[in-house]
Each structure stands twice: as structure tokens, then as C-alpha cells.
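Undergrad: give me coordinates for this.
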Amino acid sequence: MNAPVRTTSPLAIVSMVFGILGWTLVPWIGSIVAVITGHLARGEIRRAPESLEGDGMAIAGLVLGYAMLALSLVGLVLVLVFFGGLVWLGLNT
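TA: The predicted structure follows:
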């Protein structure tokens, strides 16, 4: 009665690692890689649940990646609005 050995999906590990790197060393590239590999890992785990695990790592990578992309996009919009307002004030004086 040997139980099947389940291994952690390498894509799930890559997703989580790049999700963390997206917040530290390589913000945009790391986040994009985390999102892509997270989705690939979840699909891979769903297709072979008896041999693969790591869905939590894939979800963590997805959350970190999407959160970084969303926050940086909000920050970019705020910077553009701020400097656009300064230019507008400068032109109307």
C-alpha cells in the first residue's frame, strides 16, 4: 500500500519567489512573471491533483504579483495627476 508521492509544482515555487522579488528587487518584471507562472501552476495542479501540490504557493504569487502591479499603477496615476496639476497651475498664472 504505497501512497503516491506528491511533489510541489516548480511553477508554483517560481510564482511565489518572483512575487516576493516583485516587491523588492525587480518590481515590474518580477510581478509579471509571478502572475503568469501562478496561473500556469494552478492549471498544472488542477490537471494532475494526485501528483502535484503547491496551490497555496501559486495563489500567494498571484496575490503578490497583482497587488504590486495594481499599487504601482495607482501610484503612477497619482504622480501624473499631481504633476499635471502643477503644470496646469503654472500655465494659468
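
Undergrad: remind me, longest helix of this protein?
TA: Looking across the chain with DSSP state H, the single longest helix is helix 55-91.

Undergrad: so which bits of the helix or strand bottoming out on mean pLDDT in the chain are buried?
TA: Every helix and strand in the chain was compared by mean pLDDT, DSSP states H and E; the lowest is helix 55-91, with a mean of 92. Using 16 or more other CB atoms under 10 Å as the test for burial, helix 55-91 gives Asp55, Met57, Ala58, Ile59, Ala60, Gly61, Leu62, Leu64, Gly65, Tyr66, Met68, Leu69. Using the backbone N, CA and C atoms, a C-beta is placed for each residue, glycine as well.

Undergrad: so which elements touch the longest helix of the chain?
TA: When contacts are defined as 3 or more CB pairs under 8 Å, 6 or more residues apart in numbering; DSSP states H and E, helix 55-91 packs onto helix 10-23, helix 27-47.

Undergrad: what is the rounded mean pLDDT of the first one?
TA: Throughout helix 10-23, pLDDT has a mean value of 97.

Undergrad: what angle sits between that helix and helix 27-47?
TA: Orientation check (axes from the mean of the first three to the mean of the last three CA atoms, to 10 degrees): helix 10-23 against helix 27-47 gives 160 degrees.

Undergrad: which residues does the most centrally placed residue in the chain contact?
TA: Central residue of the chain (CA atoms, centre = their mean): Gly65, 1.5 Å from the mean position. With contact taken as CB atoms under 8 Å, 6 or more residues apart in numbering, Gly65 is in contact with Ser15, Phe18, Gly19, Gly22, Gly30, Ser31, Ile32, Val33, Ala34, Val35, Gly38.

Undergrad: also Leu69?
TA: Leu69 neighbours (CB under 8 Å, 6+ apart): Trp28, Ser31, Ile32, Val35.
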